[in-house]
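**Student:** A structural model of the following input is requested.
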Amino acid sequence: MAGPILIFDSGVGGLSVVQALRRRLPEAALAYACDNAMLPYGQREDAWLVQRIRAVCQAAVAASGCSALVVACNTASTLVLDTLRECLAIPVVGTVPAIKPAAQMSLTRHLGLLATSATVSRPYTLQLIHDFAADCWVTRLAADALVAEAERLVAGGLPDRAILRQALAPLWDDPELDTVVLGCTHFPLLSPWLVDAAPRRVTWIDSGEAIARRVAQVVTAPDARQGDEPSFVTAPDKRLSRGLATFGFASPRLLHPA
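**Tutor:** Here you go, the predicted structure:
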């Protein structure tokens, strides 16, 4: 048995990647793990995050018996991919903001990058812009409040439209901006509400499909899906349990990272 594909995030953002994986690999078994006890990651110290993410991922990999690990978190991916690849004997697929495809799609050469405060300012992100969007004007916008709105949605509530409009407002200062990168995996879960909150039509792009394509390349024979699939959390949360169930996951088990 190869084991399921494990998707990891600090919270429910990785569920947007689950949706992409379901489309690309509908028969593949998945598992989900989130470090909800320490959400949000985007405002924590880097050195602490490296140690914490490594410990949680090692515990989740051991508990799930997975065939591959998808780090479905931009903040985590910019910090610990090399560390995880060194300490794990399975493929590790990361997440980066979709700057390259956005630059290829933009007609006006003005992009918006919507992400957490950590992601918009990281050298890794700036290097992506330099490498793939050097001829573009990129408006980088921290929108940490949207993480909580996505968490609220998965827990059974509805996003606060006023918060969404306020978070997006700086994007509309230039009418030439035509493409927005959703640089946090939480944000695609809010896509219908983000489109509704925008005063005009723009192209929205995220990394979900690219991640799913990469997983399909590195995992050649994942286990077949059979009923509810395992999930793992670092703190009990009944609302989160209900949300995970809507994505096909069994009641989460508690992880105890070393």
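**Student:** Pro236 versus Leu255, what's the distance?
**Tutor:** 11 Å (C-beta to C-beta, to the nearest Å). Every C-beta, even on glycine, is put in place using the N, C-alpha and C of the backbone.
**Student:** so these two - more neighbours on which side?
**Tutor:** Applying other C-beta atoms under 10 Å to Leu255 and Pro236 shows that Leu255 carries more neighbours, namely 22 against 11.
**Student:** so how far is Cys73 from the most centrally placed residue in the chain?
**Tutor:** Residue closest to the mean C-alpha point of the chain, counted by C-alpha atoms, centre = their mean, is Thr185 at 2.6 Å. From Thr185 across to Cys73, the span is 6 Å (C-beta to C-beta).
**Student:** and Ala20, by the same measure?
**Tutor:** Ala20 is 14 Å from Cys73, by C-beta to C-beta.
**Student:** looking at these two, which one has more neighbours?
**Tutor:** Cys73 (30 against 22).
**Student:** which residues in the stretch 1-150 of the chain form strands?
**Tutor:** Taking DSSP state E, counting those that start in this stretch to define them, one finds strands in the stretch 1-150 of the chain at 5-9, 30-34, 68-71, 92-93, 110-115, 137-142.
**Student:** can you put these in a markdown table and add mean neighbour count, mean pLDDT and distance to Thr179?
**Tutor:** Shown next, in a markdown table, are the strands of the stretch 1-150 of the chain (neighbours: other C-beta atoms under 10 Å; pLDDT from 0 to 100; distance: least, C-beta to C-beta, whole Å):
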| stretch | mean neighbour count | mean pLDDT | distance to Thr179 |
| --- | --- | --- | --- |
| strand 5-9 | 29 | 97 | 24 |
| strand 30-34 | 28 | 97 | 29 |
| strand 68-71 | 26 | 98 | 25 |
| strand 92-93 | 23 | 97 | 24 |
| strand 110-115 | 25 | 97 | 5 |
| strand 137-142 | 19 | 97 | 10 |
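**Student:** want to throw those strands into JSON lines with distance to Pro230?
**Tutor:** Converted to JSON lines, these look like this (distance: least, C-beta to C-beta, whole Å):
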{"stretch": "strand 5-9", "distance to Pro230": "9"}
{"stretch": "strand 30-34", "distance to Pro230": "5"}
{"stretch": "strand 68-71", "distance to Pro230": "14"}
{"stretch": "strand 92-93", "distance to Pro230": "19"}
{"stretch": "strand 110-115", "distance to Pro230": "29"}
{"stretch": "strand 137-142", "distance to Pro230": "34"}
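**Student:** tell me which of the ones you listed sits nearest to Val50.
**Tutor:** Nearest of the strands of the stretch 1-150 of the chain to Val50, taken as C-beta to C-beta: strand 68-71 at 12.4 Å.
**Student:** and the closest one, how far out from the chain middle?
**Tutor:** 11 Å (C-alpha atoms, centre = their mean, to the nearest Å).
**Student:** same thing with stretch 185-192?
**Tutor:** Here stretch 185-192 is found 9 Å from its chain centre; the criterion is C-alpha atoms, centre = their mean.
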